[in-house]
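*Asks:* just to be clear, the model below is a prediction. Sequence and coordinates:
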Amino acid sequence: MISSAPGTIPPDCALAHVEPGGSGRRPFSERQVLQLGLALAVVFVLLGAASGLASVGGLHGWVGIHLVLAGAATVAIGTFMPHFSVTLAGTRPEPAPRRLAGILALAAGMLTVALGRPALGDRVAGIGGLLVLVGVGLTAWSTYGPLRSGLARRHSIVQLTYGVALADVAVGGTLAIGLLLGVEGMAERWAALKLAHVWLNAMGFVSLTIAGTLVYLYPTMLGARIVAHPTMVVAVIGLVCGPPLVAIAAALGWSPLALAGGIVTLVGAVALLGYGITVWRRRGRWTADVAWHSLSARFGMAGMAWFVVAVAALLVGLARDGVAVSGWTVGSVVVPLVGGWTLQQLIGAASHLLPAVGPGDADARARQRRLLARWGTARVLGWNVGLVLLWPGLGLSIPALLLIGGVLFSAAVLSSIGLLVAALTVAIRPVTRRRS
């Protein structure tokens, strides 16, 4: 049992939803769906890492970026967005088979897009994109369908951010599908529309979902009350409005509007970091598992800081080049955006959530928390110092920075994933010992 300061939210029950009536007679339970989704997200991260190591360009590789930013993030969001919404609302989740269908559609679609395009061609990747849209639709149904209940509690921030995020990815994904399937006029306009695709998916869908979740999850990590604060409001407004403005400007070819949208997004990112700092200042005093709580909280704070850096870098590009830049790529900001923000938040959140949704009894979950906290300070430092060295190393082609930063970052990522995998299986060990 984890103790916290008076009035705080115990993390073991903050996101763990127990299905009424138990799950023994069901082919899948909500908890098993969450475990499968988390495992699939980890697989996408490993595939992305392998792709990056195998390519000459490292993290600049198109496949690796999509496996992590589109694959792992989207599968994780499809897994936990409905669960988080239902838990806050206090209602029963959608049937587990429907939840499972949405996650598998996202995973299969993203895998087909990322690996199918270079191996099998654009048409196959386009079909994968359509499958992703099916997964997005099922995710939206699983997120908002249970809220029809008259007893459901309403949380406007979650409903707004999740709804806009799903709309962003539906539009941004459709743009890419049109290109892959050869819709007339898409290829000629892709130099501008690619910017809209990236901003809607990376900044609108992934980043907005993470930010909307952190509003509630980050205080839980720190044992603090969830209270309204001006930074919360500014963050939500900035991240809801900014990316669509950039996308509209890209479609219209109007650089001033894109710059305005980038500024609005940056204000939202800075406000999110400010919100995180206010939560940190009023954190509770944990009496158990302090290292585990500190790990998730530090990953979360560092990730919010990298988000500000990533948006600022994108804004510099908008100010310098405008909206219609031939050959524009996200590669220049892949380190802060993918490594610093998205992946770091995914690992931090997974480390916090796994003991609540993973297998095993109370004793097994205590062992999971101890396992996930192992080398916590070293991993957080290695992760972020590695990125600080890796980014200029990639941009300026400095071998020493590339080597040191790459080793530190890779060691932190791989050890974190290894501990997550070990924590998923830790509950089996005591049963094996008792039987032997």
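*Replies:* Sure, I can see it. Predicted model, so just to flag it, every value in this text is computed and none were measured.

*Asks:* element containing Thr354?
*Replies:* For the record, residue 354 is Leu, not Thr. If you go by DSSP states H and E, Leu354 is part of helix 344-357.

*Asks:* likewise Val316?
*Replies:* helix 290-321.

*Asks:* and for the nearest residue to Gly317 once chain neighbours are set aside, the neighbour number?
*Replies:* Residue nearest to Gly317 in three dimensions, not counting chain neighbours: Ser332, with 7.1 Å by C-beta to C-beta, 6 or more residues apart in numbering. To be clear about C-beta, it is placed using only N, CA and C from the backbone, and glycine gets the same treatment. Per other C-beta atoms under 10 Å, the neighbour tally for Ser332 reads 17.

*Asks:* now do the same contact list for Ser332.
*Replies:* Contacts for Ser332 (C-beta atoms under 8 Å, 6 or more residues apart in numbering) come out as Ala313, Gly317, Gly395.

*Asks:* name the residues of stretch 113-128 that are buried.
*Replies:* Val113, Ala114, Leu115, Gly116, Arg117, Asp122, Val124, Ala125, Gly126, Ile127, Gly128 (16 or more other C-beta atoms under 10 Å).

*Asks:* list the contacts for the last one?
*Replies:* Listed by C-beta under 8 Å, 6+ apart, the contact set of Gly128 reads Ala108, Gly109, Met110, Leu111, Thr112, Val113, Gly116.

*Asks:* distance check, the nearest residue to the third one once chain neighbours are set aside against Leu318.
*Replies:* Which is Met110. Residue nearest to Met110 in three dimensions, not counting chain neighbours: Gly71, with 4.2 Å by C-beta to C-beta, 6+ apart. Here the criterion is C-beta to C-beta, to the nearest Å. By it, Gly71 lies 26 Å from Leu318.

*Asks:* and Ile157, by the same measure?
*Replies:* Ile157 is 27 Å from Leu318, by C-beta to C-beta.

*Asks:* settle it for me: which of those two has more neighbours?
*Replies:* Leu318 (24 against 20).

*Asks:* was I right about that one contacting Ser255?
*Replies:* Yes - contact criterion C-beta atoms under 8 Å: Leu318 and Ser255 qualify, at 7.3 Å.

*Asks:* following the helix or strand harbouring Val113, which helix or strand comes up?
*Replies:* Using DSSP H and E, the element containing Val113 is helix 96-120. As assigned by DSSP H and E, the chain's next helix or strand after helix 96-120 is helix 122-144.

*Asks:* pLDDT (mean, whole number) over that following helix?
*Replies:* Averaging pLDDT along helix 122-144 yields 95.

*Asks:* can you check what angle separates it from helix 96-120?
*Replies:* Angle, helix 122-144 to helix 96-120, by axes from the mean of the first three to the mean of the last three C-alpha atoms, to 10 degrees: 160 degrees.

*Asks:* which SSE is immediately downstream of helix 122-144?
*Replies:* Counting by DSSP H and E, what follows helix 122-144 is helix 156-180.

*Asks:* just want the most central residue of this protein.
*Replies:* Taking C-alpha atoms, centre = their mean, the centroid of the chain lies closest to Ala73, which sits 4.3 Å from it.

*Asks:* now, which of the buried residues of stretch 113-128 sits nearest Ile177?
*Replies:* Set against Ile177, the nearest of the buried residues of stretch 113-128 by C-beta to C-beta is Gly126 (5.3 Å).

*Asks:* list the contacts of that closest one.
*Replies:* Contact analysis of Gly126 by C-beta under 8 Å, 6+ apart lists Ile177, Leu180, Leu181.

*Asks:* can you turn the buried part of the residues you listed into a ChimeraX selection?
*Replies:* Buried residues within the contacts of Gly126, by 16+ other C-beta under 10 Å, are selected in ChimeraX with:
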select :177,180
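
*Asks:* just the closest of the contacts of Gly126 to Ala170, please.
*Replies:* Ile177 (10.4 Å).

*Asks:* does that closest one touch Leu130 like I think?
*Replies:* Yes - with contact defined as C-beta under 8 Å, Ile177 reaches Leu130; the gap is 6.2 Å.

*Asks:* following the helix holding Val316, which helix or strand comes up?
*Replies:* Once the chain leaves helix 290-321, the following helix or strand, as judged by DSSP H and E, is helix 334.

*Asks:* who are the packing partners of that following helix?
*Replies:* Of the remaining helices and strands, none touches helix 334 by 3 or more C-beta pairs under 8 Å, 6 or more residues apart in numbering; DSSP states H and E.

*Asks:* OK, contacts around Leu318?
*Replies:* Val246, Ser255, Ala258, Leu259, Gly262.

*Asks:* before we move on, the earlier item: off-centre distance for the helix holding Val113?
*Replies:* Taking C-alpha atoms, centre = their mean, to the nearest Å, one finds helix 96-120 lying 16 Å from the centre of the chain it belongs to.

*Asks:* can you state the direction angle for it and helix 156-180?
*Replies:* Using the same axes, to 10 degrees: helix 96-120 against helix 156-180 is 30 degrees.

*Asks:* residue ranges with poor pLDDT in the chain?
*Replies:* For the chain, the stretches with pLDDT under 70 are 1-27, 52-61, 149-152, 324-330, 359, 427-436.

*Asks:* helix, strand or coil for the residue lying closest to Ser415 once chain neighbours are set aside?
*Replies:* Of all residues not flanking Ser415 in the chain, Arg379 sits nearest, at 6.0 Å (C-beta to C-beta, 6+ apart). Reduced to three states with DSSP: H, G, I helix; E, B strand; the rest coil, the structure at Arg379 is helix.

*Asks:* ok, Arg379 - how many residues close by?
*Replies:* So Arg379, with other C-beta under 10 Å, has 23 neighbours.

*Asks:* so what's it up against?
*Replies:* By C-beta under 8 Å, 6+ apart, the contact set of Arg379 is Leu295, Ala412, Ser415, Ser416.

*Asks:* which of those residues lies closest to Leu372?
*Replies:* Nearest member of these to Leu372, counting by C-beta to C-beta, is Leu295, at 6.9 Å.

*Asks:* can I get the contacts of Gly126 in JSON lines including distance to Gly37?
*Replies:* Supplementary listing: those in JSON lines, determined by distance: C-beta to C-beta, whole Å:
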{"residue": "Ile177", "distance to Gly37": "23"}
{"residue": "Leu180", "distance to Gly37": "25"}
{"residue": "Leu181", "distance to Gly37": "28"}
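
*Asks:* and the contacts of Gly126, which is closest to Val233?
*Replies:* Set against Val233, the nearest of the contacts of Gly126 by C-beta to C-beta is Ile177 (34.4 Å).
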